[in-house]
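Colleague: okay, structure incoming, though there's no sequence with it:
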């Protein structure tokens, strides 16, 4: 047998406190006061059926039987026959309605459901989960997956309530058990039929259960007996003992209404014989008591009635039990004081004596005490009053708010004792306590309380008083101070002084836009802290961000508030000036050039113009670049950005004069008109002047040809607006828009040409996607509107048509997830094209949609089929090494060719270069005899499509094959062309889209190879030659720089100049003569200033150094800037740790030293206080015995003994405790390693 050692709370408590009944002598430490035995500290587990256990002994903590734990998860399986299944479609088993229903039931009940189909097509359902969830799921499954039948069962109306059960629990249990729905008629319905709905099996089960309940109730009888209410206590007996005995003897259930219920009907239920027997016994008791009893009436004060009744009527029951007399009390809410005693004449006397005794057993006394003293009488957490109630538990003490009385209720003697004690407390409090009341305007209350109650808590602690400030809802200005008389007067004086000070304060509201609040506050409140430090007497309150308020409140002395307000207004003015914003439209393809490599361009513009520049995200359709900062800086940044765009492309900018009054009408609703012109003209940018500027100039920027086109359209639109402006709107489904526009805008262009009206479709960003706007002369607009309405009406007439498409072409339309079909639906008003299933061998294709759309789609499908039937394949041999260049970044070039020429291009699989010999490079189109190109399989690119389009695509592919040309560049210039870390050559390659190869330095060749497309080669060569000219000019210029000046400077001053540490006193200046001379004069001037400087040492306590330096040197840097000096602190481990060196002009050095000494004095106060506090807070040594300064580490004390027990098994004769330090008992694994002094976590911190 094994045992587990358990240290019980009792044994441990006894061990710790030494509360054993043994005499302990001598001064023994607490931990050694008592050493428990092994069995006391670790009691063994009891053995099963251990001998010596007595039946009468209470079971121990280990001896109680452990009840078996039932599984919380159960599984039920049931079967639904085929004929009873609601959903019989087995073609989609697991995906149809049955699966959806089961999923819904699982979500609602939390049970897990599995379905399986038996051979007889019946449904097997397995439900797993908690019992509750399984029963609910089963009920829902039967109701929703099994066909439902219904039946009725008739039972007596009075049995219905037994079927329902208490709170409907029986009915719910029955429904869950049988998986049916049971409908019981309402009590006012004369019908006795109960309707059962569910499966056939469930209906039978439910019917059987209901009939069993009814049969059980048929065996029972119910008798109602009306007897005078006054005799009910005699039938019930004292504490209902008599009626309980009757119930046990007869087996009937007897229900007597409680005294508070004005009913005289006694109900007897049970077996018929038992009911008859109980009925005769009750009548006998009633007849006997009615014959023998008489009554007497007595008057007792209403306040004493509750003592006669007693808690829960116990006193009345005691009188009935001892005397056999019933005491009838008037209702508590009535004014009657008459009590009626009913019983046998000889017993009425003793009963009356008991009634009077009970009435006078309790007395009520009132003690007068000022209302403000009540809480002091009660004491902190009820200590004072608690002592009285513990001594006299039967006394009830009640305090009434706002009244100067205390009520005491209980036995006479105890009440008198409690009264004396309370009067003594009141007398003592009146001698040493006082109170006063001060009227203070309610608006000052929250300032008196302070942040988190700081002010009021300080006053309470300082003067040992209690201050009650009324709640805002009380709308009262009465502040009450209670406590020590002297403290009350001092607290009152301080509160009045605070109020007078606040009355002299001024509150000012500043209107600051909420968007600036975060900036003024700064990160982690740094900026607002500086403002508060500058104006310490001013309280600055910012509104909560959720309030969306612009009001910043300043409160404090009038002059300080004014100064602070001016300071903040200056900050706000700077912020407003720097928050100017403008948007610059830049073509999307040039954004990367504006950013530059690694963001160099945009960083440079930001730094030089001091602005914030935000570009749209890469996947955004926006072309707007937003610049924020000062207006002049923003305009400078805009010019810099536009200049980059002008350099990169043939961008033209022109201005058109259009009257300002027409600008809004030209822009249109939400910019729809101007946007349509920009889209028509290849994405040009049209910029209107800001509203209210009065300017007539409209700027158009973009490619030269498109700018002219946009200018013409804009002027034409302006002329139309001036002559005759009319606008109409038309609603059409968004899927019709592409069909109305037509391929390449053909349809809408015809309508525009015929009518002369401008038709504007909504952009994807517009909220009104169905709204089409028509602008122009009224007659033209009406005509265009009529034509478009006719087209839309035709589109709304849905027709279904079909056409024949050869099966071999089906795959082209449905492959790539039906991309071709999606394009057809988008282009032709959402027409639905349905191809037959694979393997159906049908050629019939169905089209459904608007009539015009269906016809156009059929025509388009026919065109595609003709293209497919007339397709040819053309092979193009291009060396594999050029394939990647032909494809372009992410295949963009090849995608462009396939879209433009409507062909399919297939590249061969890549072949490993080791498989065959790579052909020599082809340069400038010339092929040497030994480098003749022999096509391989991996070089053949296949083009599929119409013959003429394949030829065009082939020519386009060949045009993408790069060529290589040599450019003569002197070897000496190669490194300058490459640039720092290759930046120069990378910039040229990105700008001209070519590859530039510079030979290895050891070859010293004067040639650079340029590889790229024919179209880019000329620009690249020209750019490279221009760069060579620039470098040659710089080289010639560099020859002119031959002036060198050597300047001797004292090493000390050189350190101050450079702020670096190395031994040198010679400065060499090289450059143009004029520049060299200016630099020498500037350095000599600095040295002259430095010669006047002095260095002085000051001794500061090392403990204050960190505070003076501040976080990351912030404080010392600020101090050096303020006094214009250099301050050096000693290095760690220095021989003079308190020596600080101050260098600067004599006057500034003296001022700085004075300031440092003041700081030292100030910081030393807090250092001394902290060290003193730490000495007291330092915990005493656990084993050394002492705490204080002299505690130290007691090395002589020896190791701690730990937890010690007596009579342990290892101390028995013949046993020996293992020696843990023994290598034999506890061998080590491998070579022992000496422990290190410091752990991996570093030195210990105390």
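Modeller: Arrived safely, thanks for sending. These numbers come from a predicted model, not from an experiment.
Colleague: where do the strands sit along the stretch 1001-1150 of the chain?
Modeller: 1007-1012, 1043-1048, 1066-1071, 1094-1099, 1126-1128, 1139-1144 (DSSP state E, counting those that start in this stretch).
Colleague: put together CSV for those strands, with distance to residue 808 on each row.
Modeller: Every residue, glycine included, has its C-beta placed from N, CA and C. Shown next, in CSV, are these (distance: least, Cβ to Cβ, whole Å):
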stretch, distance to residue 808
strand 1007-1012, 43
strand 1043-1048, 86
strand 1066-1071, 81
strand 1094-1099, 98
strand 1126-1128, 90
strand 1139-1144, 94
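Colleague: which among those strands is found nearest to residue 635?
Modeller: strand 1066-1071 (35.3 Å; Cβ to Cβ).
Colleague: centre of the protein to the edge, which residue is at the far end?
Modeller: Relative to the mean C-alpha coordinate of the chain, counting by Cα atoms, centre = their mean, the farthest residue is residue 346 (82.2 Å).
Colleague: mean pLDDT for the strands of the stretch 1001-1150 of the chain: which is lowest?
Modeller: Note on those: strand 1043-1048 shows the lowest mean pLDDT, a mean of 53.
Colleague: which other residues reach stretch 640-647?
Modeller: 584, 586-587, 590, 593-594, 601, 605, 608-609, 613, 625, 627, 651 (Cβ atoms under 8 Å, 6 or more residues apart in numbering).
Colleague: again with stretch 867-881
Modeller: Identification of contacts with stretch 867-881 by Cβ under 8 Å, 6+ apart yields 809, 812, 886, 902, 908, 910-911, 918-919, 922, 933, 935-936, 938-947, 950-951, 953-954, 957-958, 961.
Colleague: mind checking which of the residues you listed land in helices?
Modeller: 812, 886, 947, 950-951, 953-954, 957-958 (DSSP state H).
Colleague: lowest-confidence entry in these?
Modeller: Among the ones in helices among the contacts of stretch 867-881, residue 812 has the weakest pLDDT, 78.
Colleague: what is the neighbour count of that residue?
Modeller: 14 (other Cβ atoms under 10 Å).
Colleague: circling back to that earlier point, what's the closest of the contacts of stretch 640-647 to residue 657?
Modeller: Using Cβ to Cβ, these come closest to residue 657 at residue 651, 21.1 Å.
Colleague: buried only: go through the contacts of stretch 867-881 for me.
Modeller: Among the contacts of stretch 867-881, those classed as buried by 16 or more other Cβ atoms under 10 Å are 809, 886, 919, 922, 936, 938-939, 941, 943-946, 950-951, 953-954, 957, 961.
Colleague: filter the contacts of stretch 640-647 down to the buried ones.
Modeller: Buried among the contacts of stretch 640-647 by 16+ other Cβ under 10 Å: 584, 586-587, 590, 593-594, 601, 605, 609, 613, 625, 627, 651.
Colleague: pLDDT-wise, what's the bottom of the residues you listed?
Modeller: Out of those, that is residue 651, at 69.
Colleague: report the secondary structure state of residue 626.
Modeller: When classified by DSSP: H, G, I helix; E, B strand; the rest coil, residue 626 comes out as strand.
Colleague: name the nearest residue to it, ignoring sequence neighbours.
Modeller: residue 614 (4.6 Å; Cβ to Cβ, 6 or more residues apart in numbering).
Colleague: and the one you found, how far from residue 415?
Modeller: Residue 614 sits 83 Å away from residue 415, going by Cβ to Cβ, to the nearest Å.
Colleague: which one's more surrounded, the two?
Modeller: residue 415 (21 against 11).
Colleague: pull the contacting residues for the more buried one.
Modeller: Counting by Cβ under 8 Å, 6+ apart, residue 415 touches 363-365, 395, 408-409.
Colleague: would you reformat the residues you listed as TSV and include neighbour count and distance to residue 306?
Modeller: Output for those, formatted as TSV (neighbours: other Cβ atoms under 10 Å; distance: Cβ to Cβ, whole Å):
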residue	neighbour count	distance to residue 306
363	17	13
364	14	11
365	16	16
395	22	16
408	22	16
409	19	10
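Colleague: just these: which are in strands?
Modeller: 363-365, 408-409 (DSSP state E).
Colleague: hang on, the earlier thing: among the buried ones among the contacts of stretch 640-647, which one lies nearest to residue 1164?
Modeller: The closest of the buried ones among the contacts of stretch 640-647, once distances to residue 1164 are taken by Cβ to Cβ, is residue 609, at 50.0 Å.
Colleague: what about residue 417, distance to residue 130?
Modeller: 59 Å.
Colleague: also residue 180?
Modeller: Relative to residue 130, and taking Cβ to Cβ, residue 180 is found at 22 Å.
Colleague: could you tell me the end-to-end distance of stretch 739-759?
Modeller: 14 Å (Cα to Cα, to the nearest Å).
Colleague: residues of it that come out buried?
Modeller: Buried residues in stretch 739-759 (16+ other Cβ under 10 Å): 739-741, 747-748, 751-752, 755, 757-759.
Colleague: same deal with stretch 871-884?
Modeller: By 16+ other Cβ under 10 Å, the buried positions in stretch 871-884 come out as 874, 876, 878-880, 883.
Colleague: now do stretch 992-1008: everything it contacts.
Modeller: 962, 966-971, 974-975, 977-978, 985, 988-989, 1009-1013, 1016-1017, 1019-1020, 1023-1024.
Colleague: any of those residues buried? List them.
Modeller: Buried among those (16+ other Cβ under 10 Å): 962, 967, 969, 974, 977-978, 985, 988-989, 1009-1013, 1016-1017, 1020, 1023-1024.
Colleague: those residues in helices, which ones?
Modeller: Counted as lying in helices by DSSP H, out of the buried ones among the contacts of stretch 992-1008, are 974, 977-978, 985, 988-989, 1016-1017, 1020, 1023-1024.
Colleague: need the max-distance pair from those residues.
Modeller: Using Cβ to Cβ, those reach their maximum pairwise distance at 974 and 1016, which is 21.6 Å.
Colleague: distance of the residue most central in space within the chain from residue 552?
Modeller: Nearest to the mean C-alpha position of the chain, by Cα atoms, centre = their mean, lies residue 546 at 16.8 Å. Using Cβ to Cβ, residue 546 is found at 16 Å from residue 552.
Colleague: swap in residue 699?
Modeller: Applying Cβ to Cβ to residue 699 and residue 552 gives a distance of 40 Å.
Colleague: which one's more surrounded, those two?
Modeller: residue 552 (21 against 14).
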